[in-house]
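>>> How does the following fold in three dimensions:
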Amino acid sequence: MNFKRYQHVERYETVETKGIEEGVVYVFPKLDGSNGSVWRKGNELKCGSRNRELSLDDDNQGFMKAILEDERFANLLLLYPDWRLFGEWLIPHSLKTYRKTAWRKFYVFDVYGPSGVIHYNDYAHVLREFEIEFIPPLCRIEDAKPETLYEMCEKNTYLIDEGIGEGVVLKNYSYQNKYGRQTWAKIVRNEFKDKHRAMNDPLDIKEKLAVEKKITDKYITPHFVQKVYEKIRNAEDGWRTKYIPRLLNTVYYDLIREESWNFIKENKDPQIDYKQLKRHVIMKVKKSIPELF
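All right, here's what the predicted structure looks like:
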């Protein structure tokens, strides 16, 4: 098997995840680490980050070294050579309140086989037998109400020493979206707060916003910016002023790559001035981390 990129987890209540709450939904804690994968190719264990296959010279902050030195993964994939493990390599990003004993471990959140994703109920007991860490669901809900799913964000204390986790991931193993894709949905805590505020606060009447500002106001959150900043800082072993253009361009790139489909559909195929959009992104980044500028 060769490298396989993990699917993009879409935002809840977008066109990509409409109807995912219909049926049985497993609500999982969302960890704030670095995406990783492990699989077997011939007699070798292979490891990947979110976007590429790793090597010991470029191993995603010790991830590959840790996996190759841990016989549990070799033993598991010897017995299940067609499995591919996806998970979170827990290293500091924007959320730093995990327990001290939780860091620098690999937590499996999905397993794929030759036919695609394997149900949690079918892989959990196997990983438990091999004593491999995996993320358990917070709950299982049938025909969930959206407000119940948003509230689950406040119940995510998985591996947290103090406070609450980043958010939750929703998995309905029987669900396919309108485009025929099986996909997962995510809710992060700032989205929960925005939703809760929208349901309870008095209505404010505002002038119609330009579509470029509407997009950046919704998607370029302080959390979004902080995650990009932390990835650059970790990759470069520290922060320097010369990385500011890289930060600005990466935030803009991630917005276009990850959210274009959502904001195009939400705004009904709008005419977008991308120069103005980038200008609003830059302004939002500066507002989110003013100490860098």
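>>> Report the buried residues of the strand or helix carrying residue 110.
In this structure, residue 110 sits in strand 106-113 according to DSSP states H and E. Within strand 106-113, the residues that count as buried by 16 or more other C-beta atoms under 10 Å are 106, 107, 108, 109, 110, 111, 112. C-betas here are computed from N, CA, C, even on glycine.
>>> what does the helix or strand that it is followed by contact?
Using DSSP H and E, the helix or strand that follows strand 106-113 towards the C-terminus is strand 116-117. Strand 116-117 has contacts (C-beta atoms under 8 Å, 6 or more residues apart in numbering) with 110, 111, 173, 182.
>>> quick revisit: possible to save the buried residues of strand 106-113 as TSV with distance to residue 249 and pLDDT?
Below are the buried residues of strand 106-113 laid out as TSV (distance: C-beta to C-beta, whole Å; pLDDT from 0 to 100):
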residue	distance to residue 249	pLDDT
106	30	98
107	31	98
108	33	98
109	29	98
110	30	98
111	35	98
112	32	98
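>>> With respect to residue 168, which of those is nearest?
Nearest to residue 168 out of the buried residues of strand 106-113 is residue 109 (C-beta to C-beta; 11.7 Å).
>>> what ranges do the strands span in the stretch 151-293 of the chain?
Using DSSP state E, counting those that start in this stretch, the strands found in the stretch 151-293 of the chain span residues 167-171, 185-188.
>>> Compute the inter-axis angle for the first one and strand 106-113.
Between the direction of strand 167-171 and that of strand 106-113, the angle (axes from the mean of the first three to the mean of the last three C-alpha atoms, to 10 degrees) works out to 20 degrees.
>>> Strand 167-171 - contacts with which helices or strands?
Strand 167-171 is packed against strand 24-30, strand 185-188, helix 189-200, with contacts defined by 3 or more C-beta pairs under 8 Å, 6 or more residues apart in numbering; DSSP states H and E.
>>> one more time with 7 Å, if that's ok
Counting by 3 or more C-beta pairs under 7 Å, 6 or more residues apart in numbering; DSSP states H and E, the packing neighbours recorded for strand 167-171 are strand 24-30, strand 185-188.
>>> Can you lay out those strands as JSON lines showing mean pLDDT?
Below are the helices and strands packed on strand 167-171 laid out as JSON lines (pLDDT from 0 to 100):
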{"stretch": "strand 24-30", "mean pLDDT": "96"}
{"stretch": "strand 185-188", "mean pLDDT": "95"}
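>>> Out of those, which is closest to residue 11?
strand 185-188 (6.2 Å).
>>> on that earlier part again, hey, which of the strands of the stretch 151-293 of the chain is tucked in deepest?
Among those, the stretch with the highest mean neighbour count (mean count of other C-beta atoms under 10 Å) is strand 167-171, at a mean of 25.
>>> and that strand, which strands flank it?
Partners of strand 167-171 in the sheet, by DSSP bridges, are strand 24-30 (antiparallel), strand 185-188 (antiparallel).
>>> ok, and for the helix or strand following the first one, which residues are buried?
Going down the chain from strand 24-30, the next helix or strand is strand 34-41, by DSSP H and E. If you call a residue buried by 16+ other C-beta under 10 Å, then strand 34-41 has these buried ones: 34, 35, 36, 37, 38, 39, 40.
>>> State which helix of this protein is the longest.
Longest helix in the chain by number of residues (criterion: DSSP state H): helix 244-266.
>>> Check which helices and strands that one is in contact with.
helix 211-219, helix 222-235, helix 274-288.
>>> Of these, which is nearest residue 160?
Counting by C-beta to C-beta, residue 160 lies closest to helix 222-235 out of the helices and strands packed on helix 244-266; the figure is 15.8 Å.
>>> Domain boundaries for this structure, per the record?
What automatic domain parsing lists as the domains of the chain is 10-192, 211-292.
>>> Could you dump those into JSON lines and include distance to residue 3?
Below are the domains of the chain laid out as JSON lines (distance: least, C-beta to C-beta, whole Å):
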{"stretch": "domain 10-192", "distance to residue 3": "4"}
{"stretch": "domain 211-292", "distance to residue 3": "18"}
